[in-house]
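Colleague: predicted structure and sequence below. I'll ask about it afterward.
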Amino acid sequence: MNPNASNPAAPPSKPLRGLPIFVRLPLLMGTLLIVVIVIYAWAAYHEVQRAATTVAESRLGVVTNQLAGMLESSRDQFRGIVRSQAAQPPVRKYLSHPDSAGRVAAEAALRPSGSDSLQIPLIQLLDARRQVVAAIARPEPWAGALADSALIAAAQATDSGAIGRFHAVGDTIVYAAAIAVREGSAVAGYLIQWRRLTEAQNTRGQIGRLIGSDAQLLIGNPSDGIWTDLVYRVPAPPVDVTSAAGAVRYERAGNGAALAMAAPVRQTPWYVVIEFSRDSILAPARLFIRRLILVGGGILILGLLAAWMLSRTITGPLERLTDAAEDIAGGNWGQPIRLARHDELGRLAGAFDVMVQHVRSSQERLEEGVRARTAELQERNADLEAFGYSLAHDLRAPLRAMEGFSQILREEYGPQLDATGRHYTEVIAAAAGTMARMIHDLLAYSRLAREELPLRRLELAAIMRRATEQVAADVSERGGQVIIDDGLPEAVGHSATLVQVFANLIANGVKFVPNGRTPAVRVRGERSAGLVKIWVEDNGIGIKAEHQERIFGVFQRLHGVEEFPGTGIGLAIVKKGVERMGGKVGVDSNLGEGSRFWVELPSELVTHGV
């Protein structure tokens, strides 16, 4: 059975409501600390992330410009070398007067020597028609195939020389510097020197220290997608970095998100790009958040410990006050509560002690007054009960005498009395009988109000059989009928009292019927929400709404004795008996349409105050 079935409006249970305060207070403070730590950590993480990104962008700009400047210095140095070679007399002489001897002399002048020769795969000397007239090449098969018409055109446009784009030859990246050899204002020829990019391996470590080990360096030709990290050829950036005004973000396959910045190397077709991986940029933020979590965990533990200690300083005295209040509620006044503290709890404990003293004094005075009043009431009830029994006994004796002598007058002196005399004797006998029944009903009502009524579960069908047997003579005399439905439920009550209650209700239903109508009474029952309701329905004269409460009082009559005889106590006995059994009684009726009396009793045995 659902325990809330009888109380559908019961509020939903709350899990924390049953926890003690010394547990709820740390939980509350711990929850608040967690919320504060999480909010602070979230805000701080994003602020550190933003600051790290800003620093990375600033660092990217500085480093990129520095590298572009370094490459420009290398550019100028390379062009100076080529320019000095082009200025050698054998070279200029050969271009002016090409012959075999001049060619040998020019090649000897251009041939590199020392360690530098390993980085130069090819030197080309071209005439004014851009035809190769001399070449110094290493044995690589691809060396003779190198050519760059755009580089020659750029060299023709300037006296300082031009740097060409990167070329990928197998696994090797090469690039060239070219200068126009002039005789006066005319171009006599061109000198092109090709270099391997592997020379940059010597400076890669220095560049790594400049840009940092967490950065990636790319140098390349955006026009044809040839990029290198100064050691190997690498994939080009996934987006166009040359058109970006500042830092750009993109995803690199296999390496995740990156932040990059590009800068052109002036007077070359090259761009230098520096990439920072997002993981390396956010590493300080992640380190910060890990440390913050550790610090926050420590703060949370300290906060919970402090909250628990604080709650104990509060809940300890409260527990003592609660225990004392429960003892007082149970009738044990216990000992006074004395707290050696001067805060609000100390004042509360002092006020509680004073209140307990006042309540104890008041209770003692009240108990003394109750005892005195109870003794007085018991004495008066005893006197009243004795008086009632004495009065009933004393009244019954003359009533029996009146009834007996009136009967003797009718039997022995009836022939001597005229009609008026005989009527008077009948009136005397009827009045004596009425008074005797009234005294009987009053004594029954008095006993019902005083006596203990042991309650138990009863079968209402058996109760109804006994009740109808008591009123069978009245029902038969009036030619009425009583219908009792099958399946009456069980109810809790006092057997004799219930029989009297339903006998009175059935008797009223048979008696208060207009002339010419056959009395009919129906008894039925129903069960609902732990209660049993029994209906006693009749087809009598009915009761006006304004009289439906008054009829359950003692001596309350709505009709004269001549019209409907009775003592006016029957329904009062019904009401008192039902209330003593823990039930209720009432009536639904309309004048002239009969009445529906109902009795409501508990279906389960409970304890009632009587």
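Modeller: Perfect, I can see it now. Numbering: from 1, shown residues only.

Colleague: isn't residue 512 up against residue 551?
Modeller: No. Taking contacts as Cβ atoms under 8 Å, residue 512 lies outside contact range of residue 551: 10.3 Å. C-betas here are computed from N, CA, C, even on glycine.

Colleague: can you pull out the helices in the stretch 51-200 of the chain?
Modeller: Ranges of helices in the stretch 51-200 of the chain, per DSSP state H, counting those that start in this stretch, are 89-96, 100-110, 149-156.

Colleague: dump those into CSV; add distance to residue 590 as well.
Modeller: Formatted as CSV, those follow (distance: least, Cβ to Cβ, whole Å):
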stretch, distance to residue 590
helix 89-96, 139
helix 100-110, 136
helix 149-156, 118
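
Colleague: what's the closest of these to residue 402?
Modeller: helix 149-156 (153.5 Å; Cβ to Cβ).

Colleague: rewinding a little: any chance of the helices of the stretch 51-200 of the chain in TSV, plus distance to residue 350 and mean neighbour count?
Modeller: Shown next, in TSV, are these (distance: least, Cβ to Cβ, whole Å; neighbours: other Cβ atoms under 10 Å):
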stretch	distance to residue 350	mean neighbour count
helix 89-96	114	19
helix 100-110	111	15
helix 149-156	101	17
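
Colleague: can you give me the strands for the stretch 151-300 of the chain?
Modeller: Ranges of strands in the stretch 151-300 of the chain, per DSSP state E, counting those that start in this stretch, are 162-163, 167-169, 172-183, 186-196, 215-221, 226-228, 233-234, 248-252, 256-264, 271-277.

Colleague: now for those, which one comes closest to residue 20?
Modeller: strand 256-264 (51.1 Å).

Colleague: what's the angle from the closest one to strand 215-221?
Modeller: 50 degrees (axes from the mean of the first three to the mean of the last three Cα atoms, to 10 degrees).

Colleague: pLDDT of strand 256-264, averaged?
Modeller: Strand 256-264 shows a mean pLDDT of 87.

Colleague: in that strand, what counts as buried?
Modeller: 258, 259, 260, 261, 262, 263 (16 or more other Cβ atoms under 10 Å).

Colleague: ok, so of these, who is nearest residue 571?
Modeller: residue 259 (97.6 Å).

Colleague: if we can go back for a sec, now, among the buried residues of strand 256-264, which is nearest to residue 177?
Modeller: Using Cβ to Cβ, the buried residues of strand 256-264 come closest to residue 177 at residue 263, 20.6 Å.

Colleague: pull the contacting residues for residue 111.
Modeller: Counting by Cβ atoms under 8 Å, 6 or more residues apart in numbering, residue 111 touches 117, 123, 136.

Colleague: from residue 123, how far off is it?
Modeller: For residue 111, the distance to residue 123 (Cβ to Cβ, to the nearest Å) stands at 8 Å.

Colleague: repeat for residue 270
Modeller: Distance from residue 270 to residue 123, by Cβ to Cβ: 21 Å.

Colleague: what sits against residue 479?
Modeller: So residue 479 contacts 518, 519 (Cβ under 8 Å, 6+ apart).

Colleague: related to what we said a few turns ago, in a markdown table: the buried residues of strand 256-264, plus distance to residue 224.
Modeller: Putting the buried residues of strand 256-264 into a markdown table (distance: Cβ to Cβ, whole Å) gives the following:
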| residue | distance to residue 224 |
| --- | --- |
| 258 | 22 |
| 259 | 25 |
| 260 | 19 |
| 261 | 22 |
| 262 | 16 |
| 263 | 19 |
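
Colleague: now for these, which pair is the farthest apart?
Modeller: 258 and 263 (16.4 Å).

Colleague: burial measure for residue 54, as a count.
Modeller: 11 (other Cβ atoms under 10 Å).

Colleague: how about residue 419?
Modeller: For residue 419, using other Cβ under 10 Å, the count is 7.

Colleague: begin at 4 from now on, thanks
Modeller: In the new count, where the first residue is 4, that last one comes out as residue 422.

Colleague: so, low pLDDT: which residues of the stretch 304-453 of the chain?
Modeller: 317, 331-349, 352, 381, 383-400, 402-404, 406, 408, 432-453 (pLDDT under 70).

Colleague: what does the stretch 154-303 of the chain give?
Modeller: Using pLDDT under 70, the stretch 154-303 of the chain drops low at 201-216.

Colleague: and residue 98, what is it in contact with?
Modeller: Neighbouring residues of residue 98 by Cβ under 8 Å, 6+ apart: 109, 128, 130, 131, 136, 184, 186, 191, 192.

Colleague: buried subset of those, written for ChimeraX?
Modeller: In ChimeraX syntax, the buried subset of these is picked out as below (16+ other Cβ under 10 Å):
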select :109,128,130,131,136,184,191,192
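
Colleague: just to revisit the earlier point, mark which of the contacts of residue 114 are buried, thanks.
Modeller: 126, 139.

Colleague: the most far-flung residue of the chain relative to its centre and residue 426, how far apart?
Modeller: Ranked by distance from the centre of the chain (Cα atoms, centre = their mean), the top residue is residue 419, with 100.5 Å. Using Cβ to Cβ, residue 419 is found at 15 Å from residue 426.

Colleague: next one: residue 476
Modeller: 26 Å.

Colleague: all helices of the stretch 454-603 of the chain, in order?
Modeller: 463-473, 475-481, 498-514, 573-583.

Colleague: mind checking these for the one nearest to residue 290?
Modeller: helix 573-583 (80.8 Å).

Colleague: counting by contacts, list what the closest one packs against.
Modeller: helix 422-453, helix 498-514, strand 587-592, strand 598-605 (3 or more Cβ pairs under 8 Å, 6 or more residues apart in numbering; DSSP states H and E).

Colleague: what is the mean pLDDT for that helix?
Modeller: The model assigns helix 573-583 a mean pLDDT of 79.

Colleague: just the C-alpha atoms of that helix, please, in CSV.
Modeller: Output in CSV follows, covering the C-alpha atoms of helix 573-583 (Å, rounded to 0.1, in the frame of the first residue of the first chain):
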residue,chain,number,x,y,z
GLY,A,573,-33.6,8.7,20.2
LEU,A,574,-31.5,10.6,17.7
ALA,A,575,-29.4,12.1,20.6
ILE,A,576,-28.6,8.6,21.6
VAL,A,577,-27.6,7.8,18.0
LYS,A,578,-25.2,10.8,17.8
LYS,A,579,-23.6,10.2,21.2
GLY,A,580,-23.1,6.5,20.5
VAL,A,581,-21.6,7.1,17.1
GLU,A,582,-19.2,9.8,18.4
ARG,A,583,-18.1,7.6,21.3
